[in-house]
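> predicted model and sequence below, questions to follow.
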Amino acid sequence: LVRDVMEDAREACVTVTYALSAVIDDVRIQDEGSVIAQGESWVLKGRNVEIYTNAEGTWVLSPESMEAMVEPKWTYDDLEAFYKTLLSASAGNNVSVRIISKTLSEQKPASFFQPVTDDEWVVTDLR
């Protein structure tokens, strides 16, 4: 999936909506969300986490707790490694990701890939 998104993002803005279902150590996890990508920038928005990546860095946001961690910029390889780590950590558990839709559109302004936080957010910058 990450490779497909990366290929499409070279020429257009690609939006993929997904549903994730997992049973890990008898705990049921369900999530749904979207990935919007163009060029080397992307946004992943799930139920409990949002990840923004652009030329400035990567922001991992927890909207519920209003906490953000800023890291050096993630590449698509980093995103793929993140998912592989998640899946390997759940070896022997039931994990499934279903693609609901995939659309291509005109590119968005660079500001779309920058999160908006205010003074109420706790931001830890690790860059």
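Happy to help now that I have it. Residues are numbered from 1 along each chain as shown.

> all contacts plus neighbour counts: C-alpha atoms, from now on.
OK.

> now residue 61: how far from residue 105?
As judged by Cα to Cα, to the nearest Å, residue 61 and residue 105 stand 25 Å apart.

> neighbour count: those two, which is higher?
residue 61 (23 against 12; other Cα atoms under 10 Å).

> is the residue lying closest to the more buried one once chain neighbours are set aside in a helix, a strand, or coil?
Excluding the flanking residues, the one nearest residue 61 by Cα to Cα, 6 or more residues apart in numbering is residue 68, at 4.4 Å. In three-state terms, and counting by DSSP: H, G, I helix; E, B strand; the rest coil, residue 68 is strand.

> next one: residue 68 from residue 31, what distance?
20 Å.

> more neighbours, these two?
Shown here are residue 68 and residue 31; by other Cα under 10 Å, residue 68 has more neighbours (22 against 15).

> right, and the more buried one touches residue 123 too?
Yes - here residue 68 reaches residue 123: they are 4.7 Å apart, a contact under Cα atoms under 8 Å.

> OK, contacts around residue 106?
Residues counted as contacts of residue 106 (Cα atoms under 8 Å, 6 or more residues apart in numbering) are 12, 13.

> next one: it from residue 32, what distance?
Taken as Cα to Cα, the span from residue 106 to residue 32 is 24 Å.
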